[in-house]
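[1] This is a predicted model, with the sequence first.
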Amino acid sequence: MKLIAPLALALAVGTLAAPAWAQFQKPEDAIKYRKAALTVMATHFGRIGAMANGRMPFDPKLAADSAALVETMSKLPWEGFGPGTDKGETRALPEVWSEPAKFKAAAEKMQGEVAKLNAAAKTGNLDAIKTAFGAAGASCKACHDDFRGR
Ligand code: ASC
């Protein structure tokens with residue numbers, strides 16, 4: 001017991017101190033993770049879009065549930081862009097790693113817009129949702145234009 005407790009503590013501290021990208025076993029796992037997070041986000045964002053664009057009847061609860069999920073998901077992809085994850089099954093451009101401050105700013109812009117979309121969806125006001133959806137979509141597109149290849 002006397003030996004195990006400090007060892008366990010050292011392990012726990014080591015784990016917590018490791019950068020987030022070290023949590024993936026392989027670069028492919030990080031790439032899969034970030035794509036999965038973005039796919040789930042896009043799915044729920046698309047449902048809000050369908051309501052905002054009148055392709056689906058407006059269901060305030062569905063919109064609010066989707067927006068809450070979108071906000072949660074918007075926080076996840078970024079740890080999947082660690083060192084060594086620029087090669088493989090990915091369209092991410094080299095600029096993600098060569099212009100990290102710009103990439104971070106684009107990611108944070110999107111997260112801010114998505115948080116506003118979630119706030120708008122909570123009100124149940126379709127016009128507010130439409131406005132916030134447009135701004136959030138523009139922030140998705142801006143990041144794709146600069147950091148995602150075809
Ligand atoms: C979506 C989706 C995106 C963004 C982007 C906005 O619904 O999946 O990636 O909107 O197309 O221009």
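    Looks like it came in fine.
[2] where does the protein come near the ligand, residue by residue?
    By CB under 6 Å from any ligand atom, the residues of the chain that approach the ligand are 42, 45-46, 49, 137, 140-141. Glycine gets a C-beta too; all of them are placed from N, C-alpha and C.
[3] any low-confidence regions in the chain?
    By pLDDT under 70, the weakly predicted segments of the chain are 1-22.
[4] Okay, helices next: where are they in it?
    With DSSP state H as the criterion, the chain has helices at 4-17, 27-52, 60-74, 95-98, 100-123, 126-147.
[5] what's stretch 77-88 in contact with?
    Contacts with stretch 77-88, where a contact means CB atoms under 8 Å, 6 or more residues apart in numbering, come from 19-24, 27-28, 30-31, 33-35, 37-38, 41, 92, 94, 96-97, 103-104, 107.
[6] how far does it sit from the chain's center?
    13 Å (CA atoms, centre = their mean, to the nearest Å).
[7] Using neighbour counts, pick out the buried residues of it.
    The neighbour-count check on stretch 77-88 (16 or more other CB atoms under 10 Å) flags 77-82, 85-86 as buried.
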